[in-house]
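Visitor: return a 3D structure for these sequence lines:
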Amino acid sequence: GTGAESFKLIKENNELKTESQWKSKSLKTKFSSPILWEGHLYGLNENRLTCLDATNGSLKWRGNKYGYGQIIAASGHLIILGDSGDLSLVEMNPDKFTEKASFKALTGGRTWNYPALSKGLLFIRNSHEMACYDLRRK
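Guide: Just a heads-up that it's a prediction; the model follows:
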């Protein structure tokens, strides 16, 4: 519940020290890691997708709620696997939140596992089932 903080690493006499650059209560991640892309951080603040300016920590926007899910980046988009099995595609755009697609991909059980993407195939799972979605262009 403490939020995010950006640090600068400083080398002094063969020692590394840190200097805080900014702090933000707008990005409190629990089970997922934020994505840094083109100077912006995209992450799940508690359960709502949030975009911050990575240079100063200012809030750019708040998007939809996805629970305590996981996010990965692919081709300028976020692939979000929500904790209830919903799969969503969101454009990485600091100016506005744009969800391009969302559907129930898995049923039953908590989905806290990261999706895996390889050669256009997206693999997802929860405690009861596993699925593969073909994201390649046809």
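Visitor: who's in contact with the closest residue in space to residue 5 that isn't next to it in sequence?
Guide: Using CB to CB, 6 or more residues apart in numbering and skipping the chain neighbours, the partner closest in space to residue 5 is residue 23 (4.7 Å). Where you see a C-beta, it was placed from the backbone N, CA and C, and this is true even at glycine. Neighbouring residues of residue 23 by CB atoms under 8 Å, 6 or more residues apart in numbering: 3, 4, 5, 6, 57.
Visitor: per-residue pLDDT of the residue nearest to the second one when sequence neighbours are not counted, please?
Guide: I take that to be residue 4. Nearest residue to residue 4 in three dimensions, chain neighbours excluded: residue 27, at 4.0 Å (CB to CB, 6+ apart). On pLDDT, residue 27 comes in at 95.
Visitor: returning to that earlier point: and the helix or strand hosting the residue nearest to residue 5, C-alpha only, in PDB?
Guide: In this structure, residue 23 sits in strand 15-24 according to DSSP states H and E. What follows is strand 15-24, C-alpha atoms only, in PDB (Å, rounded to 0.1, in the frame of the first residue of the first chain):
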ATOM      1  CA  GLU A  15      29.900   2.400  -3.700                       C
ATOM      2  CA  LEU A  16      26.400   2.600  -5.100                       C
ATOM      3  CA  LYS A  17      23.900   4.900  -3.400                       C
ATOM      4  CA  THR A  18      20.300   5.700  -4.200                       C
ATOM      5  CA  GLU A  19      18.600   9.000  -4.500                       C
ATOM      6  CA  SER A  20      14.800   9.200  -4.600                       C
ATOM      7  CA  GLN A  21      13.500  10.900  -7.800                       C
ATOM      8  CA  TRP A  22       9.700  10.700  -7.000                       C
ATOM      9  CA  LYS A  23       7.100   8.800  -5.100                       C
ATOM     10  CA  SER A  24       3.500   8.000  -6.100                       C
END
